[in-house]
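Visitor: just to be clear, the model below is a prediction. Sequence and coordinates:
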Amino acid sequence: MKADQVSPLFWLTFGLVSAFGSIKLGLGTFREPGPGLLAFLASSFICLMALVVLFQSLFLKRGFLNKLSTLWEGASWRRPLAIGVILIAYIFSLERGGFLLTSLIMLFIILKLVEKLSWTRTIVISLSISVGTFLLFNKILKTTLPRGLFGF
Amino acid sequence: MEFFNNLMVGFSVIFQPLNLFFCFLGVFIGTLIGVLPGIGPVGTMAILLPITYGIPPTTAIILLAGIYYGAQYGGSTTSILVNIPGEAASVITCLDGYQMALQGRAGPALGIAAFGSFIAGTFSVIALQAIAPPLVRVALSFGPPEYFSLMVLGLVILTYLAQKSMAKALMMAGVGLLLGTVGLDTMTGQPRFAFDIPELLDGIGLVPLVMGLFGISEVFLNVEKVVQREVIAAKITRLLPSLQDWAESKWAIARGSVIGFFLGVIPGGGAVLGSLVSYAIEKRVSKNPEKFGKGAIEGVAAPESANNSAAGGAFIPLLTLGIPANVVMAILIGALMIHGITPGPMLLKEHPDLFWGVIASMYVGNAMLLVLNLPLIGLWVQLLRVPYSILFPLILFFCLVGSYAVNNSIIDVALMLLFGLIGYLMRKFEYEPAPLVLAFVLSPIMEQALRQSLILSGGSFGIFLNRPISLGCLLMAIFLLVLSFISFLKVRIKEKED
């Protein structure tokens, strides 16, 4: 299946679900528009444009994306995926572990396992970035950061 | 006389030590991120938005504006020396800038880019100062229907100028409008699409959205491939362009300044378009068009002048109408609103110090940039040698801390990651994020204008057609849509013939 047939199908579904949600919010009347009116107009417009892209990809030969697999040709999808998973784990542990400790561990994992840097570089970079950003935001700019179980 | 009085008000604001410091900080950071590929002015401004909470609004806007026009200066350095544009508006500079560097003329290329940027930047500030007050008087006569139609036109222009498919760009504008409705309805107080998450009752934050779509997605895209950057190793000498260089570039700078400014004013236009159009025009009017792409100095001077001039022009719709011309201006609107200031025609009357202070800061900032760019070129070149494996964790960190700091909410961080993933897939599938963000910012203003217009007219859509300015905007929008449809039909017919 072509990439430009998959993506409009996604947006078409998204538009339809949103349009249904907007109707539930209440469209009101033109004299007294309700809270769902703009959302409904936007959702309908998304559906319309999704259909346009879908038809264009069906009837036009040039200027459209080919097979899904070609989108990742010559690129490693594993690295963004790994970073994404690490970030999800980071978000879940940030408030319990505290900013400094969680950040240090996250950076260490990214630099050592994903970027495959040497031990020395990994330790120096992860320490300097996590401590540096903590000092900049928490101490200098007085931004509140999660303190976690250990208080930092 | 009024011109100079206003300028004096502005200079009295910018020469306060705090404002002067933040102006310098802004242009310095702007140059820095312009030089470093992988993070543009949009991401940086979003990251630094939380920092501006603790400083006065005028100082905050001076800082953010400095980052924007500073990035236009810095972007040329990477285009010329590495053949990788530091940001989108410098893409076209690669063509001749890098060729000049290969021929041993990196110095004059960097020099003319800096001087051209300074001249164009100063021109755009003078034009902004001259045009803004009369436009404010016109804008005061705007009612909800005019605002609504103008915003429709802005969105259509932005999508018309989309580099890929216009239908996809329009779809993204629809998604932006929809996302902008999340949260409590301002008229009825009813929650919309909040899914019982208390943090969503205030709506989706601009910072997590922009950081995700521009910052995190950029990181995902960049880590996919290992890009080798080859910095021109030879010592860069003779930055001052020769008389011959000046003679060849003077009209390119002049044309670039004017073209960039007017394309910057148009909602949806901006620095990228300005640089592309000015390069194309320069090539067309040149007596030696074959030189372009092979190291023509006009090919550096014109786009670099245009992108700086456009940065100044983009402030006109923001300061006079309260409408962002591009995503950067949308972030500035967000910054103003955080400080309780509504951008628009009343800004000049209610906050003259902010209005003229920001304009005066651009004069000072442009002079600072000239000083920063030429003598410190060696430092910027060294920065280019920083490997991406060190750079991207830093970008990630600033995004994570920035999105958390807005509301001290982990939900915002999760939203940022979600938008990062969506942004990554959008770019893979060739959907542009800019129309989404612009529509997202415009959504509450558009919704209010639409509902007020319909209430005013007793439910008749005729109100948008009865008023000349509103009608003009809508006709222009329809014209662009028809134009796009015609070009689609042409492609279809040509394909059938083949």
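Guide: Sure, I can see it.
Visitor: ok, so what distance separates residue B:419 from residue B:45?
Guide: Separation of residue B:419 from residue B:45 (Cβ to Cβ, to the nearest Å) stands at 16 Å. C-beta coordinates here come from the backbone N, C-alpha and C atoms, glycine included.
Visitor: which of those two has more neighbours?
Guide: Taking other Cβ atoms under 10 Å in any protein chain shown, residue B:419 and residue B:45 do not tie; residue B:45 has more neighbours (30 against 27).
Visitor: in terms of helices and strands, where is the closest residue to the more buried one other than its chain neighbours?
Guide: Counting by Cβ to Cβ, 6 or more residues apart in numbering or on different chains, residue B:45 lies nearest to residue B:331, which is 4.7 Å off, once chain neighbours are set aside. For residue B:331, the element it lies in under DSSP states H and E is helix B:327-338.
Visitor: state the mean pLDDT of that helix.
Guide: In this model, helix B:327-338 has a mean pLDDT of 82.
Visitor: may I see the buried residues of the helix or strand following it?
Guide: Sequence order places helix B:347-350 as the next helix or strand after helix B:327-338, per DSSP H and E. For helix B:347-350, a neighbour-count test (16 or more other Cβ atoms under 10 Å in any protein chain shown) marks B:347-348 as buried.
Visitor: elements contacting helix B:347-350?
Guide: Counting contacts by 3 or more Cβ pairs under 8 Å, 6 or more residues apart in numbering or on different chains; DSSP states H and E, helix B:347-350 is packed against helix B:106-139, helix B:315-321, helix B:352-373.
Visitor: contacting residues for the residue nearest to residue B:210 when sequence neighbours are not counted?
Guide: Distances taken as Cβ to Cβ, 6+ apart place residue B:46 nearest to residue B:210, at 4.0 Å, with adjacent residues excluded. Contacts here follow Cβ atoms under 8 Å, 6 or more residues apart in numbering or on different chains; on that basis residue B:46 touches B:206-207, B:210-211, B:214-215, B:331, B:402.
Visitor: in JSON lines, list these along with neighbour count and secondary structure.
Guide: Shown next, in JSON lines, are the contacts of residue B:46 (neighbours: other Cβ atoms under 10 Å in any protein chain shown; DSSP: H, G, I helix; E, B strand; the rest coil):
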{"residue": "B:206", "neighbour count": "22", "secondary structure": "helix"}
{"residue": "B:207", "neighbour count": "28", "secondary structure": "helix"}
{"residue": "B:210", "neighbour count": "32", "secondary structure": "helix"}
{"residue": "B:211", "neighbour count": "33", "secondary structure": "helix"}
{"residue": "B:214", "neighbour count": "26", "secondary structure": "helix"}
{"residue": "B:215", "neighbour count": "30", "secondary structure": "helix"}
{"residue": "B:331", "neighbour count": "27", "secondary structure": "helix"}
{"residue": "B:402", "neighbour count": "27", "secondary structure": "helix"}
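Visitor: run a quick neighbour tally on residue 95.
Guide: Defaulting to chain A. So residue A:95, with other Cβ under 10 Å, has 16 neighbours.
Visitor: that was the other one, I meant chain B.
Guide: 20.
Visitor: could you do the one 3 residues further on as well?
Guide: Residue neighbour count, defined by other Cβ under 10 Å, stands at 22 for residue B:98.
Visitor: tell me who's in contact with it.
Guide: Residue B:98 touches B:79-83, counting by Cβ under 8 Å, 6+ apart.
Visitor: which one of those residues is nearest residue B:296?
Guide: Checking those against residue B:296 by Cβ to Cβ gives residue B:80 as the nearest, at 13.1 Å.
Visitor: what's the closest non-adjacent residue to that closest one?
Guide: residue B:97 (3.6 Å).
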